[in-house]
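>>> for reference, the sequence and a predicted model appear below.
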Amino acid sequence: MSFAHFKAYTDRLYQTDKAFDDAQPNRLNRHRHLEPDSAEFLASLVISKRAKNILEIGTSTGYSTLWLGYALAQINRANTADSATLTSIDIDEWRLLTARNHLRTLQFDHNITLQQVDAKDFLRQSTAHFDVIFLDAERRFYGEYVADFKRLLTFGDMLIVDNVISHADEVAAFLSAFEQDSNYLCSTLSIGAGLFVAVRQ
């Protein structure tokens with residue numbers, strides 16, 4: 001599949017879901033995807049790192065998952081050894097089903113696992129090594145994830161968080177937990193709604 005075909009598909013998905021979101025007065029009913037330039041930058045980070053095991057927290061209907069799946073496909077095409085994998089989690093069954101359909105349509109359902117689970121429970125039980133974690137979920141719960149993120153991330157691993165400029169007040173304490181920790185190199189990028197990147201050193 002060409003990048004042009006992939007881009008056209010994800011552009012249609014983004015516009016369709018944005019129109020849906022614009023009509024929803026209740027933010028919890030919205031799909032709330034990251035911005036297209038953020039999605040492309042996220043994929044470029046994953047490809048440049050040649051990530052082996054990626055975790056996405058907040059699948060929604062699969063827009064960012066598709067971009068991570070695209071990155072995964074590029075890594076696996078270039079690598080004849082072990083396959084890279086992606087685990088994406090969300091609490092909402094319908095959204096996960098929708099995301100799965102999008103992945104199947106673009107034939108990105110290989111090496112990708114979708115799980116319906118609460119992020120706090122998943123992280124507390126996880127012993128896996130994730131070299132990239134992408135966080136785009138309910139911000140009021142982020143503080144509950146800090147200890148497990150720091151346990152799971154090892155040298156060179158990367159945490160990426162969306163909406164850190166658009167909702168700066170809501171994530172300030174969470175970001176500070178990494179910015180004030182000398183084990184992490186942190187950057188806030190003015191891409192889309194704002195991306196935060198913390199790299200374990």
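Noted; the coordinates are in hand. Keep in mind the model is a prediction, meaning the values are calculated, not measured.

>>> distance check, the residue positioned nearest the centre of the chain against His167.
Residue closest to the mean C-alpha point of the chain, counted by Cα atoms, centre = their mean, is Phe134 at 3.4 Å. Going from Phe134 to His167 by Cβ to Cβ, to the nearest Å gives 16 Å. The C-beta positions use only the backbone N, C-alpha and C, and glycine is treated the same way.

>>> please apply the same query to Leu13.
In this view, Leu13 and His167 are 23 Å apart by Cβ to Cβ.

>>> okay, these two: which has more neighbours?
Per other Cβ atoms under 10 Å, whichever of Leu13 and His167 has more neighbours is Leu13, with 19 against 13.

>>> please name the residues that touch that one.
Thr61, Gly62, Tyr63, Leu66, His102 (Cβ atoms under 8 Å, 6 or more residues apart in numbering).

>>> nearest residue to the third one other than its sequence neighbours?
Going back to what we said before, that points to Tyr63. His33 (4.1 Å; Cβ to Cβ, 6 or more residues apart in numbering).

>>> what about Glu138, how many residues nearby?
13.

>>> check contacts around it.
Neighbour list for Glu138: Gly58 [criterion: Cβ under 8 Å, 6+ apart].

>>> what pLDDT is listed against it?
On pLDDT, Glu138 comes in at 95.

>>> in the chain, where is pLDDT below threshold?
Residue ranges of the chain with pLDDT under 70: 80-81.

>>> what is the subsequent helix or strand relative to the longest helix anywhere in the chain?
Longest helix in the chain by number of residues, with DSSP state H as the criterion: helix 3-22. Downstream of helix 3-22, the next assigned helix or strand under DSSP states H and E is helix 36-49.

>>> which other helices and strands does that next one contact?
helix 3-22, helix 63-78, strand 132-135, strand 158-162, strand 195-200 (3 or more Cβ pairs under 8 Å, 6 or more residues apart in numbering; DSSP states H and E).

>>> so how far is it off the chain centroid?
Its chain's C-alpha centre and that of helix 36-49 lie 10 Å apart, by Cα atoms, centre = their mean, to the nearest Å.

>>> swap in stretch 137-145?
14 Å.

>>> tell me the buried residues in that stretch?
Buried residues in stretch 137-145, counted by 16 or more other Cβ atoms under 10 Å: Ala137, Arg139, Tyr142, Tyr145.

>>> you'd agree the first one is up against Lys120?
Yep, that's Ala137 we're talking about. No. The criterion here is Cβ atoms under 8 Å, and Ala137 misses it with Lys120 at 10.3 Å.

>>> helix, strand or coil for Thr154?
Per DSSP: H, G, I helix; E, B strand; the rest coil, the local secondary structure of Thr154 is coil.

>>> how many neighbouring residues does the nearest residue to it once chain neighbours are set aside have?
Excluding the flanking residues, the one nearest Thr154 by Cβ to Cβ, 6+ apart is Arg200, at 6.1 Å. Residues near Arg200, counting by other Cβ under 10 Å, number 19.
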